[in-house]
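Engineer: Turn this into a model:
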Amino acid sequence: MADCADKAFSEGVEMIMRQLKDAMSNLGVEEIAADGQFDPEVHNAVMQVEEEGFESNQIVEVLQKGYSLNGKVLRHSMVKVAK
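Structural biologist: Predicted structure coming up:
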């Protein structure tokens, strides 16, 4: 019986998340792309690491997504960058 309740709770949370994403999208809020090169205008580098396969100033990992509204940054993407 607990599995059924856990599944229903999980599905409910997923539905709320979808609705929130749809509402934000309808308002014009967009996720900032954080793949490729580091851009100080939209990314906040909180770590620098030496990582094989990555060039200098290339984003290794996104720690927190960033968002923009009509081209203005609401929250910078928090990223880990290669040295």
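Engineer: Backbone dihedrals for the residue positioned nearest the centre of the chain, please?
Structural biologist: Nearest to the mean C-alpha position of the chain, counting by CA atoms, centre = their mean, stands Lys65 at 2.2 Å. Main-chain torsions, Lys65, degrees, to the nearest 10: phi -70, psi 150.
Engineer: mind checking pLDDT for it?
Structural biologist: Looking at Lys65, its pLDDT stands at 94.
Engineer: Quick check: it vs Lys83, distance?
Structural biologist: Lys65 sits 23 Å away from Lys83, going by CB to CB, to the nearest Å. In this view, the C-beta of every residue, glycine as well, is placed from N, C-alpha and C.
Engineer: Same check on Phe38?
Structural biologist: 11 Å.
Engineer: got it, and Phe9?
Structural biologist: In terms of CB to CB, Phe9 sits 43 Å off from Lys83.
Engineer: The two: who's more crowded?
Structural biologist: Lys83 (13 against 10; other CB atoms under 10 Å).
Engineer: Touching, that one and Ala45? I think so.
Structural biologist: No: in this structure Lys83 lies outside contact range of Ala45 using CB atoms under 8 Å: 10.7 Å.
Engineer: Let me see the mean pLDDT of the strand or helix carrying Leu20.
Structural biologist: If you go by DSSP states H and E, Leu20 is part of helix 2-27. For helix 2-27, mean pLDDT rounds to 92.
Engineer: Sheet-wise, list the partners of the next helix or strand after that helix with their directions.
Structural biologist: Going down the chain from helix 2-27, the next helix or strand is strand 29-31, by DSSP H and E. Strand 29-31 has its sheet partners listed here by DSSP bridges as strand 67-69 (antiparallel).
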